[in-house]
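Participant: give me a 3D structure for the following:
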Amino acid sequence: MKMHQSLGQGKNLFTGYGAGHVLINAQRHDGNLIVSSDQLAAWSAPDFASLAAEHFETLLAYRPEVVLFGSGASQRFVHPRLYAALTQAGIGVECMDTQAACRTFNILLAEDRRVVAALLAI
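Facilitator: Model prediction:
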């Protein structure tokens with residue numbers, strides 16, 4: 001699916017997604033990712049079944065208000081103990097499928113929210 005860009009330059013914006021990839025500012029990215037407004041990195045989380053607290057603790061460095069966890073092609077919920085460090089720091093965590101996380105990221109970014117998407121590949 002192609003999405004339309006509506007924000008200014010210099011911000012990471014999801015412009016599309018498909019099987020196994022997302023487009024950020026019209027550039028294709030495969031694999032698991034951490035995306036903030038100005039940073040993009042591979043996420044060391046191998047898959048949903050292997051998620052550990054350490055995978056979510058790495059997100060603290062981004063200092064987000066909210067983390068959008070994209071669980072892949074279908075919505076799956078992570079046990080709260082895995083993201084307890086985020087909750088204890090006052091950071092909200094929302095679980096949704098990766099496509100919904102991409103769309104929600106763009107909306108929150110347009111509202112100038114400090115949002116981070118932690119995405120498992122679709």
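
Participant: what's stretch 17-36 in contact with?
Facilitator: Residues outside stretch 17-36 that contact it (CB atoms under 8 Å, 6 or more residues apart in numbering) are 1-3, 5, 12-16, 40-46, 58-59, 62, 64, 98-99, 102, 105, 114-122. Using the backbone N, CA and C atoms, a C-beta is placed for each residue, glycine as well.

Participant: straight-line length of that stretch, end to end?
Facilitator: Distance across stretch 17-36, first residue to last, is 17 Å (CA to CA, to the nearest Å).

Participant: mind checking how far it is from the chain centre?
Facilitator: Here the centre of stretch 17-36 is set off from its chain's centre by 10 Å, with CA atoms, centre = their mean, to the nearest Å.

Participant: now that stretch: buried residues?
Facilitator: Tyr17, Val22, Leu23, Ile24, His29, Asn32, Leu33, Ile34, Val35, Ser36 (16 or more other CB atoms under 10 Å).

Participant: tell me the strands beside the host helix or strand of the second one, with direction?
Facilitator: Put plainly, it is Val22. Under the criterion of DSSP states H and E, Val22 resides in strand 21-24. Using DSSP bridges, strand 21-24 pairs in its sheet with strand 14-18 (antiparallel), strand 27-30 (antiparallel).
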